[in-house]
Structure formats: structure tokens, C-alpha cells
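Trainee: Quick one, structure for this:
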Amino acid sequence: MLEKIPGLIGEALSGLKAGLDKTASRADFPDVPETVSLSSPAFSDGDDLPARFTADGAGVSPPLAWSGLPEGTAALVILVEDAGSPTPRPLVHLIAWSVPPNLAALPEGALPSPGHAGTVRAVGRNSFLRAEWLPPDPPSGHGPHPYLFQLYALRLPLALDEGPGRGALIEAMCGQVLAKGILTGIYHRP
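Mentor: You can find the predicted model right below:
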């Protein structure tokens, strides 16, 4: 959808970015230890996110893997935010709010996305109010967008209604987060 915004408008908005300081890991859970190792076989931390996982490709969710969960982890949350979006707050691209702690990875396409059913069912609403992976779709000419993949280890499973948004998720997570892990993928359109 945003690929249709002319590059000149993207360039004009290039100074407007939500910012890393407004992501959940920094704004809501800054004191939670970052002791979980979160990675992807498709891209390294700080590297480009392959187009396959974006609106310019198949739009499927990328594979993720993690290790180093603390003892007592009862549930996992995966939250993906775009800190480079030209909005007051980062755009939410994914909320997976009840990932079983016995998993150590999710394969490519495990999360539902447009045109792909996925296998994970406890998915909350992204910024476009859909319970699915929102493939990155930055405006042309806006510059690089850092997509923060955040994994949170929780001491208790969250009691949430189906399809929670970011606000309900963060509120439910308060006081429950044992550790976190962060992986950043960069994507931009020239």
C-alpha cells in the first residue's frame, strides 16, 4: 500500500520517524535484562531484511530462533515494531502473545500473513487492526526502517482476549517479563 506513495513525499517525510526510544523494549521494558538470544537464519542482526518477508515479496513471516530462556519461563511474546515509520509511535507489525516456551524456533511462514494461513493462532492486532504479520511496506524514499523483533520471556501466560492490540498487550505484560531478546532487520525502498 505505501509503495504507491511517490518517492518525493517519502523523501519529504524522511526526517519524521517514530524512533527506537518509543519501542516496547526501550519505552515499556527498559530495565528487563536482554539475556535471550534472538536470531534468524534469513538475516543477521542489523542487516537487511530480505524482500521475501516484505510487501515487495511473498510477505510471509521470517523464520526466528531463540535460546537462553530463563528458568521459570511460562510463555513467550513476540512483538515486531517499525521504529522508522513516519508516525508518532512505531507501527506494530506483529503481536504473537502466547508462544509456548518449549519451542526454540518458528519456521518461515509460521505466523499468519496476507494470503498465508500460518500455524500460530494466538496473534494480536497489528497497526492495521489485523491479527497477522504485517509485511514491511515503507514509503519510497523515506530511508531505512529498523524493524525490531522483540521476544519476551514471561513468568505467567497472559490472560488476554483474542486479538489484543499493543496497549492491552503491554498492560498485561507489566510485572511478568523475566528477560528479552532483540533482533533488528533493516528495510527500505530507494
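Trainee: C-alpha only now, for contacts and for neighbours.
Mentor: OK.
Trainee: Let me know how buried residue 175 is, in neighbour terms.
Mentor: Neighbourhood size, residue 175 [other CA atoms under 10 Å]: 12.
Trainee: again, but for residue 57
Mentor: 12.
Trainee: now do residue 87
Mentor: So residue 87, with other CA under 10 Å, has 14 neighbours.
Trainee: Give me the phi and psi for it.
Mentor: phi -130, psi 160 (degrees, to the nearest 10).
Trainee: Mind pulling up the pLDDT for it?
Mentor: With respect to pLDDT, residue 87 has a value of 87.
Trainee: which residues does residue 20 contact?
Mentor: When contacts are counted by CA atoms under 8 Å, 6 or more residues apart in numbering, residue 20 touches 26, 83-84.
Trainee: sorry, that was for residue 67
Mentor: 36-38, 104.
Trainee: In PyMOL, select just the buried ones from these.
Mentor: Typed into PyMOL, the line below selects the buried ones among those, using 16 or more other CA atoms under 10 Å:
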select buried, resi 36+38
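Trainee: Could you dump the contacts of residue 67 into TSV and include pLDDT, distance to residue 111 and secondary structure?
Mentor: Putting the contacts of residue 67 into TSV (pLDDT from 0 to 100; distance: CA to CA, whole Å; DSSP: H, G, I helix; E, B strand; the rest coil) gives the following:
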residue	pLDDT	distance to residue 111	secondary structure
36	98	21	coil
37	98	20	strand
38	98	16	strand
104	97	15	coil
